[in-house]
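# Structure here, sequence nowhere to be found:
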Ligand SMILES: C[S@@+](CC[C@H](N)C(=O)[O-])C[C@H]1O[C@@H](n2cnc3c(N)ncnc32)[C@H](O)[C@@H]1O
């Protein structure tokens, strides 16, 4: 077995991950500031509901929720479903007409390809094209093209080695006697690999669509884990999931809107044995949707390129509890990420 799977780095790479995660956040603020003049409007409409604001700007709920979460995390606005307000900073610096208005400082960002994509995503709820190129498919379709799938799976794989090792360590008290892991949308299989490397009792099935399935098989072979990790090719929305004692949803739910998130969790409930363990490993927004700022920024990136966003534990609990899951609390790993466990009763 590849020894790197259990060798932890000696330094913390959080800032390196965060720099990439926050790549689009400034342009989401520029969109609100310069294309919607959102903050001046909020000054005039103090106490407006989120729903009324989304309606006024003709925005879909999911991307607008990401925008509001980012504005709260940066301290520009306060309040939730009951009514939104500007903070002192928002009033002084983001409202046109204020002597300290900083809108002109953002003018160079007014018409970037990312800002144009944000206008599209906010208005339609559909992801933009990858890297905001005029031509080309969105992220979901691109993941079915071999060259793109290889590049993006490589991106997730290098992050997965770090996060996967930490997950493997932190999940120990939750595993119990369970041995059979199903890793849905497992990418290169790096999380199955780090989990199996750290826990000799585990065997895993990585469930992936083509062509990522082929990358997963090759990576599992490279790690020398073919005898403990198999790769099943399938569409997680259409094909049957194998029975499992543990299901891992690592960075999968954040790619989808609520109806698909619900569908994936319903399928997890069906394929887990009684007392089965569901692990949602992801980047979580706080339940009050005021932070953490790093995750609000990452959510802005995800909202631009996928059909999803970062969800809160409360949002997941709203789906898990009616399905009979007993939900645990948030467990941090590294770089503000972490996992939540849920036991099928
Ligand atoms: C954001 S990646 C997460 C990969 C890995 N679990 C991780 O944490 O790095 C989402 C994965 O879901 C897979 N996926 C997307 N739609 C799928 C589908 N309908 N059926 C199976 N896998 C799918 C993608 O190919 C991709 O590898």
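Received, thanks. Computed from a prediction, not measured in an experiment: that's the story for all the values here. Numbering: from 1, shown residues only.
# center of this protein, which residue is that?
In the chain, the residue lying closest to the centroid (Cα atoms, centre = their mean) is residue 254, at 3.3 Å.
# and stretch 145-164, how far from the chain's centre?
Taking Cα atoms, centre = their mean, to the nearest Å, one finds the center of stretch 145-164 at 15 Å from the center of the full chain.
# Could you confirm whether that stretch reaches the ligand?
Yes. Contact of stretch 145-164 with the ligand (Cβ under 6 Å from any ligand atom) involves 156, 160. C-betas here are computed from N, CA, C, even on glycine.
# contact partners of that stretch?
4-5, 9, 13, 17, 130, 137, 139, 142-143, 187-188, 190-191, 193-195, 211-212, 215, 219, 250-251, 281, 333-335, 337 (Cβ atoms under 8 Å, 6 or more residues apart in numbering).
# Report the buried residues of it.
Buried residues in stretch 145-164, defined by neighbour count with 16 or more other Cβ atoms under 10 Å: 148-149, 152-153, 156-157, 159-164.
# For the longest strand anywhere in the chain, which strands pair with it and how are they oriented?
Secondary structure of the chain per DSSP state E: the longest strand is strand 272-282. As defined by DSSP bridges, the strand partners of strand 272-282 come to strand 244-250 (parallel), strand 338-344 (antiparallel).
# Find the nearest non-adjacent residue to the residue nearest to the centre of the chain, please.
In space, residue 254 comes closest to residue 308 once its chain neighbours are excluded; the distance is 4.7 Å by Cβ to Cβ, 6 or more residues apart in numbering.
# Confirm that that neighbour sits in a helix.
No. The assignment for residue 308 is coil, going by DSSP: H, G, I helix; E, B strand; the rest coil, so no helix is present there.
# Got the phi and psi for the residue in the stretch 1-150 of the chain that the ligand sits nearest to?
Residue nearest to the ligand within the stretch 1-150 of the chain (Cβ to the nearest ligand atom): residue 143, separated by 4.6 Å. Its backbone dihedrals place residue 143 at phi -70, psi -10, with angles given as degrees, to the nearest 10.
# Make residue 1 into 21 and carry on from there
Got it, first residue is 21 now, which makes that one residue 163.
# What distance do you get for it to residue 112?
Here the distance between residue 163 and residue 112 works out to 44 Å (Cβ to Cβ, to the nearest Å).
# between the two, which one's more packed in?
residue 163 (22 against 14; other Cβ atoms under 10 Å).
# The closest residue in space to that one that isn't next to it in sequence: which element?
Once its chain neighbours are removed from consideration, residue 163 has its nearest residue in residue 169; the separation is 5.3 Å (Cβ to Cβ, 6+ apart). Counting by DSSP states H and E, the element that carries residue 169 is helix 166-190.
# And the average pLDDT for that helix is what?
Helix 166-190 carries an average pLDDT of 94.
# Could you pull up the contacting residues of residue 362?
By Cβ under 8 Å, 6+ apart, the residues touching residue 362 are 297-298, 300, 336, 340, 345-348.
# Do you know the pLDDT at the closest residue to residue 72 other than its chain neighbours?
In this structure, residue 72 finds its nearest non-sequential neighbour in residue 65, 7.8 Å apart by Cβ to Cβ, 6+ apart. Taken from the predicted model, the pLDDT recorded for residue 65 is 98.
# Figure out how far stretch 195-214 is from the centre of its chain.
Remark: stretch 195-214 is offset 18 Å from the chain centroid, using Cα atoms, centre = their mean.
# Out of the contacts of residue 362, which two are the most distant from each other?
Maximum pairwise distance among these (Cβ to Cβ): 14.8 Å, between 297 and 336.
# Residue 118 is in what secondary structure piece?
Element membership of residue 118 [criterion: DSSP H and E] is none; it lies in no helix or strand.
# do the same with residue 322
Element membership of residue 322 [criterion: DSSP H and E] is helix 313-325.
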